[in-house]
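**Q** one predicted model, sequence on top.
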Amino acid sequence: DNTPKNEGTILMDATCTPADITYPQDLNLLNSAREKLEGYIDCLHDSCNGKKPRTYRKTARKEFLNVSKCRKKSGKKLRKAIRKQLNYII
């Protein structure tokens, strides 16, 4: 009766690793940070009265999708998109 219970799966070989892991890229990290900050702004605005600050959600999302959907992202386009996402965060 002292045998431990099964608590998950074990991967024994490197060929059977999960394939749904995405690599963190600057543009994707900035977009997720921007979305989290917008959520924080919403939560804080609900708790206090006053005018909600501008966040440019739709334009930021549209510009992110324009670059992220491209198959080949040139360095110039990528740098420009990163700069824009940083400006939306700041």
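**A** That came in fine, so what should we check first?

**Q** please make it C-alpha for all contacts and neighbour counts, starting now.
**A** Will do.

**Q** and the longest helix for this protein?
**A** With secondary structure taken from DSSP state H, the chain has its longest helix at helix 26-47.

**Q** buried ones in that one?
**A** Using 16 or more other C-alpha atoms under 10 Å as the test for burial, helix 26-47 gives L27, L30, N31, R34, E35, E38.

**Q** and what of stretch 52-66?
**A** Buried positions in stretch 52-66, judged by neighbour count with 16+ other C-alpha under 10 Å: A60, F64.

**Q** could I get the average pLDDT for it?
**A** What stretch 52-66 shows for mean pLDDT is 94.

**Q** just the CA trace of it, in PDB.
**A** Only the C-alpha atoms of stretch 52-66 are listed here, as PDB (Å, rounded to 0.1, in the frame of the first residue of the first chain):
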ATOM      1  CA  LYS A  52     -10.200  56.300 -19.000                       C
ATOM      2  CA  PRO A  53      -6.800  57.000 -20.700                       C
ATOM      3  CA  ARG A  54      -6.400  56.300 -24.400                       C
ATOM      4  CA  THR A  55      -4.800  53.000 -25.300                       C
ATOM      5  CA  TYR A  56      -5.200  52.800 -29.100                       C
ATOM      6  CA  ARG A  57      -6.100  49.100 -28.800                       C
ATOM      7  CA  LYS A  58      -7.600  48.600 -32.200                       C
ATOM      8  CA  THR A  59      -4.800  50.300 -34.100                       C
ATOM      9  CA  ALA A  60      -2.100  48.500 -32.000                       C
ATOM     10  CA  ARG A  61      -3.700  45.100 -32.700                       C
ATOM     11  CA  LYS A  62      -4.100  45.900 -36.400                       C
ATOM     12  CA  GLU A  63      -0.500  46.900 -36.800                       C
ATOM     13  CA  PHE A  64       0.700  43.800 -34.800                       C
ATOM     14  CA  LEU A  65      -1.300  41.500 -37.000                       C
ATOM     15  CA  ASN A  66      -0.100  43.200 -40.200                       C
END
